[in-house]
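Student: Sequence first, predicted model second:
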Amino acid sequence: MTTLTKTEGEKAPTGPDSFLSVRDLRVRFSTEDGIVKAVDGLSFDVERGRTLGIVGESGSGKSVTNLTILGLHNPKSSTVEGEILLEGKDLVTASEKEMEKLRGNKVAMIFQDPLTALSPYYTVGRQIAEPFMKHTGASKKEARERAIEMLTKVGIPQPKTRVDDYPHQFSGGMRQRAMIAMALVCDPDLLIADEPTTALDVTVQAQILDLLKDLQQEFGSAIIFITHDLGVISDMADDLLVMYSGRAVERGSVREVLREPRHPYTWGLLSSMPRLGGSTSQPLTPIPGSPPSLLNPPSGCPFHPRCTFTGEVPGDRCSTERPPLGAGRAAACHLTAEQKQTIFIDKIQPRLR
Ligand code: SF4
């Protein structure tokens, strides 16, 4: 199963089933305006056969985290600290050659926009076959057969003919399916899906999500599913990590976090999104203010400039003291457990009906 870290920032050994262990990850970019702290002390584990959802607004660090796992950050303009342990091997110190071996083989990514991930100059079949040849040493003929098999698996009609089509001859939904086929062709142990259905209409989105779930069962991959859509997460993920300002602010099983969220930022996310089957007379409540600057992040709790509950915490702790993320099911917030429960029941839950 997928479990999340016990303590943020700790350098614990990986668990017996842990496929990926991220420990105290810090990713910084040098810019003309200064140092951007894109990821600021993040830890989590992912295990085989389960899905970890990561949610947060743009700039929360979720995509940077996953590009860093794949070694796709620019080493000239960024620094990476901490550990990314893949079956015990630290990817932070791995060479580009070692990363190339892992990418597409052990770890693969499905991007939001297949048009940018698929080359317009090569047939869909060739783009699925090439990583298979590269990582398995298969012949051209074997790889073509494998590409047809993968196109069949992801539900492309007439795969024996469509294998020779170019991406522009596919519809948007079919291109997304082709990209999933490309990502899964080498049976990766970890699949990172970054907003994989955002650009698709609702019906195709549901089909793609069902397909990912079926393929996960068949291949037994672990999935990291990145999105800003909590509705999609509730359908897809087993566990959930809520990110804000490059840090994890809440974690737990999807059921726990969505049923009884404990962090004011998670309350804000839930209150600002429409709910399926919810009351249409209940207005949506946007989170006040805008996401924090990563060049100059707020002191103390990074959410404090936007939080409407700072008055419930004695003194100025919210603006001066960074709240830690405790063990297990946890939220990084100075409110006491009783306060979180009372505020949620009295003020937040009524908004979610
Ligand atoms: Fe709000 Fe303070 Fe909790 Fe941060 S620590 S979420 S500012 S109440």
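Tutor: Everything's here; your move. Numbering: from 1, shown residues only.
Student: tell me which parts of this protein are close to the ligand?
Tutor: By C-beta under 6 Å from any ligand atom, the residues of the chain that approach the ligand are 264, 301, 303-304, 307, 309-310, 313, 318, 323, 333-335. Quick note: C-beta positions are derived from backbone N, CA and C, even for glycine.
Student: Those residues in strands, which ones?
Tutor: Assignment to strands by DSSP state E places none of those there.
Student: Of these, which belong to helices?
Tutor: Of the residues of the chain next to the ligand, the ones assigned to helices by DSSP state H are 264, 318.
Student: Separate out the buried members of the residues of the chain next to the ligand.
Tutor: Among these, the ones that count as buried by 16 or more other C-beta atoms under 10 Å are 264, 301, 303-304, 307, 309-310, 313, 318, 323, 333-335.
Student: Which of those sits closest to residue 115?
Tutor: Proximity of these to residue 115 (C-beta to C-beta) peaks at residue 303, which lies at 35.2 Å.
Student: Assign a three-state SS to residue 241, would you?
Tutor: Here residue 241 is strand, with the state taken from DSSP: H, G, I helix; E, B strand; the rest coil.
Student: Against residue 204, how distant is the residue of the stretch 151-300 of the chain found nearest the ligand?
Tutor: Ranking the residues of the stretch 151-300 of the chain by distance to the ligand (C-beta to the nearest ligand atom) places residue 264 first, at 4.2 Å. As judged by C-beta to C-beta, to the nearest Å, residue 264 and residue 204 stand 35 Å apart.
Student: that older thread, dump the residues of the chain next to the ligand into TSV; add pLDDT and distance to residue 33 as well.
Tutor: Below are the residues of the chain next to the ligand laid out as TSV (pLDDT from 0 to 100; distance: C-beta to C-beta, whole Å):
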residue	pLDDT	distance to residue 33
264	97	29
301	97	24
303	96	23
304	97	23
307	96	26
309	96	31
310	96	28
313	96	32
318	97	26
323	96	28
333	97	30
334	97	31
335	97	34
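Student: and which of the residues of the chain next to the ligand is nearest residue 213?
Tutor: Closest approach to residue 213 among those (C-beta to C-beta): residue 264, at 31.4 Å.
Student: For the closest one, list the residues it contacts.
Tutor: If you count contacts by C-beta atoms under 8 Å, 6 or more residues apart in numbering, residue 264 has them with 303, 307, 308, 309, 333, 335.
Student: Show the model's pLDDT score for the residue lying closest to the first one once chain neighbours are set aside.
Tutor: Going back to what we said before, that points to residue 303. Here the nearest residue to residue 303 in space, its sequence neighbours aside, is residue 265; by C-beta to C-beta, 6 or more residues apart in numbering that works out to 5.0 Å. Residue 265 is assigned 96 on the pLDDT scale.
Student: Any figure for the gap between residue 265 and residue 291?
Tutor: Per C-beta to C-beta, residue 265 is found 10 Å from residue 291.
Student: more neighbours, those two?
Tutor: Under the criterion of other C-beta atoms under 10 Å, the comparison of residue 265 against residue 291 puts residue 265 first, with 26 against 16.
Student: I'd guessed that one sits against residue 245; true?
Tutor: No - Residue 265 lies out of contact with residue 245 (C-beta atoms under 8 Å); the separation is 9.3 Å.
Student: Mutual contacts of these two, please.
Tutor: Common contacts of residue 265 and residue 245 (C-beta under 8 Å, 6+ apart): residue 303.
Student: how about the CA coordinates for the host helix or strand of residue 257, as CSV?
Tutor: Secondary structure from DSSP states H and E places residue 257 in helix 254-259. The C-alpha coordinates for helix 254-259 follow below in CSV (Å, rounded to 0.1, in the frame of the first residue of the first chain):
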residue,chain,number,x,y,z
VAL,A,254,-8.1,10.3,0.5
ARG,A,255,-11.2,9.3,2.5
GLU,A,256,-9.8,10.9,5.7
VAL,A,257,-8.7,14.2,4.1
LEU,A,258,-11.8,14.7,2.0
ARG,A,259,-14.2,13.7,4.8
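Student: what residue is smack in the middle of this protein?
Tutor: Nearest to the geometric centre of the chain sits residue 226, at 2.7 Å (C-alpha atoms, centre = their mean).
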